[in-house]
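**Q** Sequence first, predicted coordinates after that:
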Amino acid sequence: RWQVVGQVPANYIPDTLHGVISARLDRLDPIARRTLQIGAVIGHTFSSRILQSVAQGNGDLTHQLIHLQRAEIIREVRRGAEQAYTFTHTLTQQVAYETLLRRQRRDYHHRVAQSIEKLYANRLEEHYERLAYHYAGATDWPRALDYHIKFATQARLRFANDKAGEHYQRAWEIVQSGRAGDEGTQLLLHESQANLDFLSGDHQTATIRYEEALGLAKEPPDLARLFRKLGDVFHALGDCERAAWYLEQGVDVAETIGRGPELASLYVGLGQVHHRQGNYQKATELGLLSLEIFEKVDNQPGTALASNLLGIVFWAMEDLGAACSYLEKSLLIHASLGDVHGLAAAYNNMGRVLVDQGKLERATEYFRQSQQLCLEIGYQHGLATALSHLSESYQRLGQTEEAWACQESAFEIYNRIGFDGSDVQPEILKMQVW
């Protein structure tokens with residue numbers, strides 16, 4: 001009986017099978033074989049437009065594609081202007097690719113990338129990931145780095161966090177190897193990866209990466225922003241003392257720039273710390289000051305941020321009318337902007353006010369909305385907070401089993417991300433201005 005005693009690489013092809021496929025490809029007409037090799041470089045599924053652009057001077061392309069289809073090596077998967085073909089077997093593509101010399105692969109990867117840039121110039125953002133792959137295959141590291149960052153940023157904005165993290169990591173490997181990038185690129189990557197860590201609840205790694213970025217920062221806007229983000233991380237961890245220190249450092253830097261959105265965001269962060277410490281008067285002052293700055297420059301996300309702070313402060317002072325007014329304002333702005341992260345926070349905090357107003361059914365629906373949005377964007381801290389508040393709402397409605405299930409889920413998340421879930425407050429789920 002045969003037994004596997006080691007790891008088998010995902011792209012491993014046994015020699016005998018490799019030989020069979022290679023022999024079959026060798027029997028093809030040389031021009032058809034070269035067409036197949038170019039298709040293999042483009043990908044498992046390849047566009048005839050790109051193939052035509054790269055394979056110029058390689059004979060009658062239509063005839064070759066028909067021949068390869070009849071040989072059942074490829075098949076047509078899409079017709080029309082974006083006609084495309086796919087390899088019948090993944091192993092065939094792999095062998096066809098491997099039969100090219102390395103310098104040939106690099107050359108074809110470069111030509112594929114340039115063809116994509118030319119053919120899809122008016123919608124290039126749809127092809128960032130492919131361009132990163134092909135420029136890396138061409139060892140054109142500056143362009144590969146640029147497209148990895150562009151795609152990662154695009155993925156982050158769609159809350160495709162795993163994809164974003166994967167491409168930020170590939171970009172970092174290029175920079176770390178010295179192939180491309182500079183200190184500014186390092187700062188960008190440390191900060192971008194830390195943003196994802198914070199969202200996923202990995203506060204320890206987020207702190208390390210923000211501090212790495214801070215060590216590279218030289219310009220006041222970068223310094224102020226990173227002090228704020230470190231303050232936000234420590235506030236999420238419940239360490240108000242360190243949070244206040246970082247935020248105050250940020251305020252000192254931001255005040256040298258002027259009364260702009262960054263200074264206002266830092267005021268909001270400090271206001272949340274003061275609220276958590278029970279200093280509601282100071283929190284209100286900072287909230288009103290930040291709201292004035294944001295509204296003066298017509299900064300809608302910031303206006304929602306400041307309104308959220310004022311809403312939770314007035315809620316804590318039991319002024320439910322004022323709390324409801326500010327939180328509704330925050331919710332409406334985030335809804336109009338399509339800001340999923342902010343909307344999740346607004347639903348959660350508005351739900352707390354509704355609970356105290358005795359509107360339990362509506363509050364429960366708001367907590368569910370917050371829970372769903374946090375699930376969609378991968379915001380673990382916010383998800384746990386929404387579940388904890390949902391548990392309380394179910395308990396008051398007499399739905400004990402649902403309350404218990406939500407509380408168990410909340411504490412499982414809190415334990416995983418290293419947070420003391422016994423100190424759950426509405427401001428924990430706060431909006432961030434990245």
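**A** Done, it's in. Residues are numbered from 1 along each chain as shown.
**Q** Return the residues in contact with the spatially most central residue of the chain.
**A** Ranked by distance to the mean C-alpha position of the chain (Cα atoms, centre = their mean), the top residue is residue 156 at 2.2 Å. Neighbouring residues of residue 156 by Cβ atoms under 8 Å, 6 or more residues apart in numbering: 164, 192, 195-196. Backbone N, C-alpha and C define where each C-beta goes, glycine included.
**Q** out of those residues, who's nearest residue 300?
**A** Sorting those by how near they are to residue 300, with Cβ to Cβ, puts residue 195 at the top with 20.6 Å.
**Q** Can you tell me which of the contacts of residue 156 end up in helices?
**A** When the contacts of residue 156 are checked against helices (DSSP state H), the matches are 164, 192, 195-196.
**Q** Tell me the predicted confidence for residue 21.
**A** Model confidence at residue 21, expressed as pLDDT, equals 84.
**Q** What is the burial count for it?
**A** Under the neighbour criterion other Cβ atoms under 10 Å, residue 21 is assigned a count of 20.
**Q** next one: the one 4 residues further on
**A** When neighbours are defined as other Cβ under 10 Å, residue 25 has 18 of them.
**Q** next one: residue 413
**A** Residue 413 is surrounded by 21 other residues when neighbours are defined as other Cβ under 10 Å.
**Q** Give me the three-state assignment for it.
**A** helix (DSSP: H, G, I helix; E, B strand; the rest coil).
**Q** contacting residues for it?
**A** The contact partners of residue 413, by Cβ under 8 Å, 6+ apart, come to 201, 380-381, 383-384, 387.
**Q** Among these, which one has the most neighbours?
**A** Ranked by the number of neighbours (other Cβ under 10 Å), the contacts of residue 413 place residue 384 first, at 28 neighbours.
**Q** how deep is the residue nearest to residue 113 when sequence neighbours are not counted tucked in, by neighbour count?
**A** Distances taken as Cβ to Cβ, 6 or more residues apart in numbering place residue 134 nearest to residue 113, at 3.9 Å, with adjacent residues excluded. Residue 134 is surrounded by 28 other residues when neighbours are defined as other Cβ under 10 Å.
**Q** which residues touch residue 134?
**A** Contacts for residue 134 were tallied using Cβ under 8 Å, 6+ apart; they are 109-110, 112-113, 116.
**Q** In TSV, list the residues you listed along with neighbour count.
**A** Listed next are the contacts of residue 134 as TSV, based on neighbours: other Cβ atoms under 10 Å:
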residue	neighbour count
109	22
110	18
112	27
113	26
116	24
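**Q** ok, these vs residue 342, which is closest?
**A** Relative to residue 342, and with distances defined as Cβ to Cβ, the nearest of the contacts of residue 134 is residue 116, at 34.9 Å.
**Q** what secondary structure does the closest one sit in?
**A** Here residue 116 takes the helix state, with states given by three-state DSSP.
**Q** separation between the closest residue to it other than its chain neighbours and residue 21?
**A** Counting by Cβ to Cβ, 6+ apart, residue 116 lies nearest to residue 127, which is 5.2 Å off, once chain neighbours are set aside. In this view, residue 127 and residue 21 are 29 Å apart by Cβ to Cβ, to the nearest Å.
**Q** can you check residue 68 too?
**A** If you measure residue 68 against residue 21 using Cβ to Cβ, the figure is 14 Å.
**Q** what about the residue nearest to residue 116, neighbour count?
**A** By other Cβ under 10 Å, the residues close to residue 127 number 18.
**Q** what's the answer for residue 166, then?
**A** With neighbours defined by other Cβ under 10 Å, the count for residue 166 comes to 16.
**Q** list the buried ones in the one helix or strand the residue nearest to the centre of the chain maps to?
**A** With secondary structure defined by DSSP states H and E, residue 156 is part of helix 141-157. Taking 16 or more other Cβ atoms under 10 Å as the neighbour-count basis, helix 141-157 is seen to contain the buried residues 141, 143-152, 154-156.
**Q** next one: stretch 278-287
**A** Taking 16+ other Cβ under 10 Å as the neighbour-count basis, stretch 278-287 is seen to contain the buried residues 280, 282-284, 286-287.
**Q** Return the subset of the contacts of residue 134 lying in helices.
**A** Those of these mapping onto helices are 109-110, 112-113, 116, per DSSP H.
**Q** what would the contacts of residue 156 look like in TSV with distance to residue 398?
**A** What follows is the contacts of residue 156, written out as TSV (distance: Cβ to Cβ, whole Å):
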residue	distance to residue 398
164	42
192	46
195	41
196	40
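**Q** check contacts around residue 367.
**A** Contacts of residue 367 were listed using Cβ under 8 Å, 6+ apart, and they are 347-348, 351, 386, 389-390, 393.
**Q** TSV please, covering the residues you listed and showing neighbour count, pLDDT and secondary structure.
**A** Compiled in TSV, the contacts of residue 367 are given as follows (neighbours: other Cβ atoms under 10 Å; pLDDT from 0 to 100; DSSP: H, G, I helix; E, B strand; the rest coil):
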residue	neighbour count	pLDDT	secondary structure
347	26	95	helix
348	30	94	helix
351	27	95	helix
386	29	93	helix
389	27	93	helix
390	26	94	helix
393	26	93	helix
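**Q** Of the residues you listed, which is the nearest to residue 228?
**A** Nearest to residue 228 among the contacts of residue 367 is residue 348, at 21.4 Å by Cβ to Cβ.
**Q** wait, isn't that closest one in contact with residue 365?
**A** No - Residue 348 lies out of contact with residue 365 (Cβ atoms under 8 Å); the separation is 11.9 Å.
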